[in-house]
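*Asks:* build me a model from this:
(one chain, ligands or ions: 1)
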Amino acid sequence: MKCDEAEILLQALIDGELDAGHAREVEAHVATCAKCGALLTDYREMSKAVANAGALGFITALTQPTPADLARELARNKKLAAAWEKLSFTNQKEMALGLTEAKKPETRERRLAAALEKLRS
Ligand SMILES: [Zn+2]
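*Replies:* Numbers count the residues shown, from 1 in each chain. This next block holds a predicted model:
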């Protein structure tokens, strides 16, 4: 496995989203590669920090600017906040970035509605 591939799979490894075969390949690479080993340590610490900070702290830490609209919805609805907490790091990141990367307000509103719908289901 090359570094490029390993880097892409590291986050999935931490999230427990890799199948056993891929997980073994990534771990084997990390064991022999100082660069990817350091990266894995960084990602693990980031995941721990996220778990400690809680969902809202995480959104703030992750995105500039903070998707305040999403944070507000989670803050006033415990069920949505609980559903958010259950998402993997990767899914949370995708959802938050989908909002912050929307260029038009309509797009952002539509993505927020879709994100909330996904959390409700
Ligand atoms: Zn490497």
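*Asks:* tell me where the chain has helices.
*Replies:* With DSSP state H, the ranges of helices along the chain come out as 3-14, 20-32, 34-62, 68-76, 78-86, 89-100, 105-120.
*Asks:* for A113, give its distance to the ion.
*Replies:* When distance is defined by CB to the ion, to the nearest Å, A113 is 40 Å away from the ion. (Each C-beta comes from the backbone N, C-alpha and C, glycine too.)
*Asks:* cool, M95 as well?
*Replies:* Relative to the ion, and taking CB to the ion, M95 is found at 29 Å.
*Asks:* ok, now which ones touch that residue?
*Replies:* Each residue near M95 by CB atoms under 8 Å, 6 or more residues apart in numbering is listed here: 70, 87, 115, 118.
*Asks:* before we move on, the earlier item: can you put the helices of the chain in CSV and add mean pLDDT?
*Replies:* Putting the helices of the chain into CSV (pLDDT from 0 to 100) gives the following:
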stretch, mean pLDDT
helix 3-14, 90
helix 20-32, 94
helix 34-62, 74
helix 68-76, 85
helix 78-86, 88
helix 89-100, 85
helix 105-120, 94
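*Asks:* up against the ion, what does this structure have?
*Replies:* Residues of the chain found near the ion, taking CB under 5 Å from the ion as the criterion, are 3, 6, 33, 35-36.
*Asks:* can you turn the buried part of the residues you listed into a PyMOL selection?
*Replies:* Buried residues among the residues of the chain next to the ion (16 or more other CB atoms under 10 Å), as a PyMOL selection:
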select buried, resi 6+33+36
